[in-house]
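Novice: A structural model of the following input is requested.
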Amino acid sequence: MLPKVGFKPGKLELIEPHMPRRPLTLTNRFPYHVTSRSNNKEWFYIPTEEVWSIFSEALSKVVNDYQVHIFAFVLMSNHFHLILETPKSNLGDVMRNLLTAVSKGIQRPAQRINHVFGGRYKWSLLDTVYSTAYVLKYVLRNPVRAGISETVESYPFSSLNLNSTMPIVSGIGPMWSTVPKARIEILNWLNLPAQPALEGQIGLGLRRSKFEFSKDNNHQKLIRALAHSYLPVTASV
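Specialist: Model (predicted):
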């Protein structure tokens, strides 16, 4: 059984950056989706197996050092997706240390001194019970969507893989009430084919600081029509 964590009350805090970029919202109330892509969208410079090991070690360290809760992680050839919660409201410190450790871990065997990641990481706050379900499935289906894995659990560089040593927890409480709990149930849900049109809307929603779908009327009709193929059967729309 995975250890479980629940919803904790807290506050939202906006940190104004020194550079002209989107302010970082710090909170311990809601999970985040975080992603970062390699420099120039190139493949990481060493085999994916080695990158996975570096991430596993680095994520274990930030869990211990910063008391974060990691719900999902998927490593692709030139980017990663991470869903996490920060009880200490410290996403900035967490990501700074994570990306620094991973960059150094990749640079050494690759014998490179240039940047590993291209620009700042991107984040989106998941502040509804539906956003956690939508984004969790979107992230964990990434290898299937890319055509490199037949099922979500067979992809070797996913926290769903039984051989994974990632420090993953399962979420409980209001924010995770629409997500199945038993492994067989969550795998059945995740492996249900998803509508490309809806996944496109999810990708667009993740470009916002708070995940949400477009308010365009045509998009809203599409989302309502397709939600039943993406949300778990326990969720109502």
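Novice: so where is the protein shaky, pLDDT-wise?
Specialist: 1-21, 39-44, 109-116, 118, 225-226, 229, 233-237 (pLDDT under 70).
Novice: Tell me which stretches of it form strands.
Specialist: 4-5, 12-15, 24-27, 32-37, 69-75, 79-85, 122-125, 170-171 (DSSP state E).
Novice: Minimum distance to residue 185: which of these has it?
Specialist: When these are compared for distance to residue 185 using CB to CB, the nearest one is strand 170-171, at 11.9 Å. Where C-beta positions appear, they are placed from N, C-alpha and C, glycine not excepted.
Novice: mind giving me TSV with the strands of the chain and columns for distance to residue 210 and mean neighbour count?
Specialist: Conversion of the strands of the chain to TSV gives the following (distance: least, CB to CB, whole Å; neighbours: other CB atoms under 10 Å):
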stretch	distance to residue 210	mean neighbour count
strand 4-5	21	14
strand 12-15	10	12
strand 24-27	8	18
strand 32-37	10	21
strand 69-75	18	23
strand 79-85	15	23
strand 122-125	5	19
strand 170-171	18	20
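Novice: Let's have those in TSV, adding distance to residue 181.
Specialist: Putting the strands of the chain into TSV (distance: least, CB to CB, whole Å) gives the following:
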stretch	distance to residue 181
strand 4-5	9
strand 12-15	28
strand 24-27	24
strand 32-37	21
strand 69-75	13
strand 79-85	16
strand 122-125	23
strand 170-171	7
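Novice: Looking at those strands, spot the one closest to residue 154.
Specialist: Across these, closest to residue 154 is strand 69-75 (CB to CB), at 12.8 Å.
Novice: And the contacts of the closest one?
Specialist: Residues outside strand 69-75 that contact it (CB atoms under 8 Å, 6 or more residues apart in numbering): 5, 31, 48, 51-52, 55, 59, 63, 80-87, 136, 139-140, 142-143, 155, 157-160, 166-171.
Novice: Pull out the buried members of the residues you listed.
Specialist: Among the contacts of strand 69-75, the ones that count as buried by 16 or more other CB atoms under 10 Å are 5, 31, 51-52, 55, 59, 63, 80-86, 136, 139-140, 142-143, 155, 157-160, 166-171.
Novice: Among these, which lie within helices?
Specialist: Under the assignment DSSP state H, those contribute 51-52, 55, 59, 63, 136, 139-140, 142-143 to helices.
Novice: Looking at these, which is nearest residue 206?
Specialist: Of these, the one sitting nearest to residue 206 (CB to CB) turns out to be residue 139, at 9.3 Å.
Novice: was I right about the closest one contacting residue 84?
Specialist: No: using CB atoms under 8 Å, residue 139 makes no contact with residue 84, being 11.2 Å away.
Novice: Report how many residues lie close to the residue nearest to residue 102 when sequence neighbours are not counted.
Specialist: Excluding its sequence neighbours, the residue lying closest to residue 102 (CB to CB, 6 or more residues apart in numbering) is residue 58, at 5.1 Å. When neighbours are counted by other CB atoms under 10 Å, residue 58 registers 19.
Novice: Thought residue 211 was touching residue 131, still the case?
Specialist: Yes: counting by CB under 8 Å, residue 131 does reach residue 211; the two are 4.5 Å apart.
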